[in-house]
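> sequence and computational prediction follow.
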Amino acid sequence: MTEKNVLIPEDAQSHADSAEVTNQTPLSAPKEQRKTRREVLAGGLAALVFGKNVYGDPGTNSAKKPTSLGGASSGHSGTAARPGIQPGPAACIVQVGSKSAIHRLIDKATFGWTSATETDVTTMGYNAWLNQQLDPYSWASYLNFESNLATQTDPTHGYGPYPTLAESAGGLNLCAGNDAAAMFAVRYELVRARVIRAIYSPAQLLERMVEFWTDHFNVYHQMPNANNRYKTLEDTHHIRPNALGKFSNLLKASALSPAMLLYLNGVENTAGSPNENHAREIMELHTLGVDNGYDQGTIVELAKMMTGWEVVVPNSFHGGGANCGAIPPFNNSRHDDNAKTLVFPANGNPQTYNIPAGLGMTEIDVVVDILTDPGKMGLFTAGFIADKMCRWLSSYSPPQALKTAVVDAYVANWADPNANEIAEMVKVILSQTWINCAKDKIKRPLHLLASTARACGATISDPGTELQSSRLVGGYLSVADHIPYNKQSPDGYPDGKEEWADLRTRWEAGARWSFNTFSNASISTFVSSLPTASVAAALDALDNALFGGFMSQADRTTITNYFNGVTLPLSLTARREMTSLVLASPSFQCY
C-alpha cells in the first residue's frame, strides 16, 4: 500500500498475505483531501480522551433506528422492572434510540458485549441473569470452568492448565522449587489465568469485581520474600471468594493475607516498635479514604492493635518447600497487648473506643468491626467504597442519588450474616432502576484486550509473560503498563480517563490483532469471514459483532470515507485494516 501508517512491528507483514500488501489504500480522493490512518485515529481518540469534538464524541450518534423510547430495533429493550423497582429515576434520562438496558448491563457487568451474552440475558431475563452473576459459587458452569482451568488443557483454545490456582498453602505445584525460576513460574500462571478468566469465564461480573478489589487491596506481585507464591494464595483464597460477599470478611482476609503483611510491612509491626504503614493504608486506601475521619494519633493506636502477625518464608528466600504459604500461629509475644484508646476525629464528630488489655489475636476483629460497622466508622467506609464502586460500574461522575442508594444497601445488609452487602451494592448499581445512569468510560488495557477477544471470537492458547513481546501480556499489557498484579504503589491501577491516554498502544493493539501478529492469539477466522462485496457490508458485520449495531455514526462515516474508492471485492488486507480502524475507534475504546 502506498501509505505506511499501520502501527504494527516491522516484521508484521510476514503474517499478512504478501500479495496484498501494496496498492490497497483508497486513492480516489485528491492527496490533500485524504486522511491517513494516523490522522483518522488521532482525531477520534483525541475526542475520546480529551473531549475535543474532532469527529464526534463517543457517546453521541450511537443509536440504532429507534422503535420506542429507550428501545431499539434489536427488540431487547429490557425495560420490564422487577416488583418494587421503578423504570428509572429522573436523573437517568433514556434517549430515543439509545442502548437498551440489557446492552448497558452487559457493557458494565462484563469484559465486553457479545451477541451471545445478549441472547443469554434476553432469554433468562434481566434480573435472573444479574442474580446468577452475583452468586457464581452456586453456579455449576463457573465451578466447572475454574476446575478445568486448573486441571486440563482447554480443548478448544489450548490454554492451561494452571494447577497452582486450585492449591492451598503447601501445594505441590505452588511450592515446588526454591529458586527464582520456580517462584516466577507461579506468578506467570496467575497472570496468564487473569487474562483467560477475563475473556472466557462465564462469571464475568465476578471477574470485574475481582479486578476492582485487586486494585483496591493492591499487592505488588514482584515483592521479594516469595510474594509471587503468596499473591496466588491471596487471589485464590482471600479476594475471589469474598469479591461479592461481606466487606468485613474481605477486609479481614486481606489484612491477614501473607502477601499483604509482607507488602505493607505488617510483619515488621511489633510491640514496642510499631510499623504504621499497614494501619495507615487500611484506613486511607481500604476503608475510610484519604484524611477522612482519622489522624496520625489514630494511625499509631491502630498499628498497635495490629501487631503480632507473622509470615515465615520457609527454606529459602524464594519460598519453596512443604510449609510454603502457611501462616504461623499468632505470636502474642510480638503483640502489644496493653489497653489502648482509639480516637477518630470523624470530621468534627469524634468517636472514642477504649480497647481493653488482653485481647490478643482477636484485636484484629475489633479493628474490622470499628472500620466496617455503619454505627461506628463504617458509614465513612460505606461512602468511600460506594463512590469507587459507582465509578467502576457506572460512570466517572455518578449521580449522588445513586451513591446514596448504594450506601443504603451497605447499611441495610452489613449486620445480616446471610446477606452479602457487596453483592447488594453491585445489584443497586446495575439494576434497571439505575442502569441508564451508566455513561461511557474508557476501557483499561486489560478490558480492551478482553473485549476484542470476546467480540471477535479469539483463539488464545497462551497469553504469555511480560518477557514475551510477541504475546498478549508482553506485547500489549506490558507496553500499556497494565500487567495484572504489577502495580508497585499500594493504590493499585487507576480507574480514570487521563491515566490511560497512551494512544499509540491502543492503535497498535487493534492493528496487531487485525494483522495477526500476536503469537498464540488470533482473530484471523473472524477477520477472514467479513463480507467482501462492499465497504458497507463489511462495516455492518463489524458493527453487529462488536457493538450490536451501536457503532457511532461519526465513526462509521469516517471509516467509510477512508475506504472511498477501494478495490472490490475487499482484499484480506483491506478487511484487516478496516478491523484495525474499528477496534481503534472511540466506539470500541469505550464501554
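Arrived safely, thanks for sending.

> distance-wise, check residue 134 relative to residue 420.
8 Å (CB to CB, to the nearest Å). (Each C-beta comes from the backbone N, C-alpha and C, glycine too.)

> joint contacts of those two?
residue 244 (CB atoms under 8 Å, 6 or more residues apart in numbering).

> quick one: low-confidence parts of this structure?
Applying pLDDT under 70 to the chain flags the ranges 1-97, 224-226, 313-323, 326-329.

> what domains does the record give for it?
Domain ranges of the chain: 10-59+442-589, 135-372, per automatic domain parsing.

> in this structure residue 479 contacts residue 505, no?
Yes. Under the criterion of CB atoms under 8 Å, residue 479 makes contact with residue 505 at 5.2 Å.

> ok, back up a step: would you turn the domains of the chain into JSON lines with distance to residue 431 and mean neighbour count?
Converted to JSON lines, the domains of the chain look like this (distance: least, CB to CB, whole Å; neighbours: other CB atoms under 10 Å):
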{"stretch": "domain 10-59+442-589", "distance to residue 431": "21", "mean neighbour count": "19"}
{"stretch": "domain 135-372", "distance to residue 431": "13", "mean neighbour count": "19"}
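
> closest one to residue 425 among these?
Closest of those to residue 425 is domain 135-372, at 8.6 Å (criterion: CB to CB).

> quick one: end-to-end length of the closest one, please.
Distance across domain 135-372, first residue to last, is 22 Å (CA to CA, to the nearest Å).

> swap in stretch 368-383?
16 Å.

> and the contacts of that stretch?
Against stretch 368-383 from outside (CB under 8 Å, 6+ apart): 247-248, 251-252, 255, 282-283, 287-289, 292-293, 342, 344, 346, 351, 353, 403, 407, 410-411, 414-415.

> ok, stretch 526-545 next?
Outside stretch 526-545, the residues that reach it (CB under 8 Å, 6+ apart) are 115, 455-458, 514, 516, 549-551, 556, 559-560, 563, 566, 568-572, 575-576, 578-579, 582.

> with only the CA atoms kept, save it in CSV.
Taking Å, rounded to 0.1, in the frame of the first residue of the first chain, the C-alpha atoms of stretch 526-545 are listed here in CSV:
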residue,chain,number,x,y,z
PHE,A,526,-13.3,-13.5,12.3
VAL,A,527,-11.4,-11.1,10.0
SER,A,528,-11.4,-13.6,7.1
SER,A,529,-15.1,-14.1,7.4
LEU,A,530,-16.0,-10.5,6.9
PRO,A,531,-18.0,-9.7,3.7
THR,A,532,-16.1,-8.6,0.7
ALA,A,533,-18.8,-7.3,-1.6
SER,A,534,-18.8,-3.7,-0.2
VAL,A,535,-17.4,-1.5,2.5
ALA,A,536,-20.9,-1.1,3.9
ALA,A,537,-21.4,-4.9,4.2
ALA,A,538,-18.1,-5.3,6.0
LEU,A,539,-18.8,-2.4,8.3
ASP,A,540,-22.3,-3.8,9.0
ALA,A,541,-20.7,-7.1,10.1
LEU,A,542,-18.2,-5.4,12.3
ASP,A,543,-20.9,-3.2,13.8
ASN,A,544,-23.1,-6.1,14.6
ALA,A,545,-20.3,-8.3,16.0
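
> okay, strands next: where are they in the protein?
All strands of the chain, identified by DSSP state E, fall at 340-344, 351-355, 459-460, 521-522.

> out of those strands, which gets nearest to residue 197?
strand 459-460 (11.7 Å).

> so how far is the closest one from its chain's centroid?
On the basis of CA atoms, centre = their mean, to the nearest Å, strand 459-460 sits 20 Å off its chain's mean C-alpha point.

> which elements pack onto that strand?
Here strand 459-460 touches helix 180-200, strand 521-522, going by 3 or more CB pairs under 8 Å, 6 or more residues apart in numbering; DSSP states H and E.

> can I get the ones you listed in TSV with distance to residue 371?
What follows is those, written out as TSV (distance: least, CB to CB, whole Å):
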stretch	distance to residue 371
helix 180-200	28
strand 521-522	42
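
> wait, which of these is closest to residue 499?
Residue 499 sits nearest to helix 180-200 of all these, at 19.1 Å, using CB to CB.

> and the closest one, what does it pack onto?
On a contact count with 3+ CB pairs under 8 Å, 6+ apart, helix 180-200 meets helix 140-151, helix 204-216, helix 227-234, helix 445-455, strand 459-460.

> change it to 7 Å
helix 227-234, helix 445-455 (3 or more CB pairs under 7 Å, 6 or more residues apart in numbering; DSSP states H and E).

> got TSV for those helices, with distance to residue 188 too?
As requested, the helices and strands packed on helix 180-200 are exported to TSV (distance: least, CB to CB, whole Å):
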stretch	distance to residue 188
helix 227-234	9
helix 445-455	16
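
> relative to residue 194, which of the ones you listed is closest?
Of all the helices and strands packed on helix 180-200, helix 445-455 sits nearest to residue 194, with 7.6 Å by CB to CB.

> show only the entries of the contacts of stretch 368-383 found in helices.
Mapping the contacts of stretch 368-383 onto helices (DSSP state H) picks out 247, 248, 251, 252, 255, 282, 283, 403, 407, 410, 411.

> now do the helices in the stretch 451-591 of the chain.
472, 503-514, 524-528, 535-547, 553-562, 572-584, 586-589 (DSSP state H, counting those that start in this stretch).

> I'd assumed residue 210 was in contact with residue 240.
Yes. Contact criterion CB atoms under 7 Å: residue 240 and residue 210 qualify, at 5.6 Å.

> coming back round to it: among the helices of the stretch 451-591 of the chain, which comes closest to residue 144?
helix 472 (24.4 Å).

> with adjacent residues omitted, what lies nearest to residue 531?
residue 537 (3.9 Å; CB to CB, 6 or more residues apart in numbering).

> swap in residue 519?
Of all residues not flanking residue 519 in the chain, residue 470 sits nearest, at 4.1 Å (CB to CB, 6+ apart).

> ok, residue 386 next?
Distances taken as CB to CB, 6+ apart place residue 406 nearest to residue 386, at 4.0 Å, with adjacent residues excluded.

> got it, and residue 466?
Spatial nearest neighbour of residue 466, excluding adjacent residues (CB to CB, 6+ apart): residue 478 at 4.3 Å.

> distance check, that neighbour against residue 229.
From residue 478 to residue 229 the distance is 22 Å (CB to CB).

> can you pull the contacts of residue 266?
The contact partners of residue 266, by CB atoms under 7 Å, 6 or more residues apart in numbering, come to 260, 278, 306, 309.

> residue 141 too?
Residue 141 sits next to residue 202 when contact means CB under 7 Å, 6+ apart.

> still on that earlier bit, can the domains of the chain go into JSON lines with extra columns for distance to residue 99?
Converted to JSON lines, the domains of the chain look like this (distance: least, CB to CB, whole Å):
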{"stretch": "domain 10-59+442-589", "distance to residue 99": "6"}
{"stretch": "domain 135-372", "distance to residue 99": "17"}
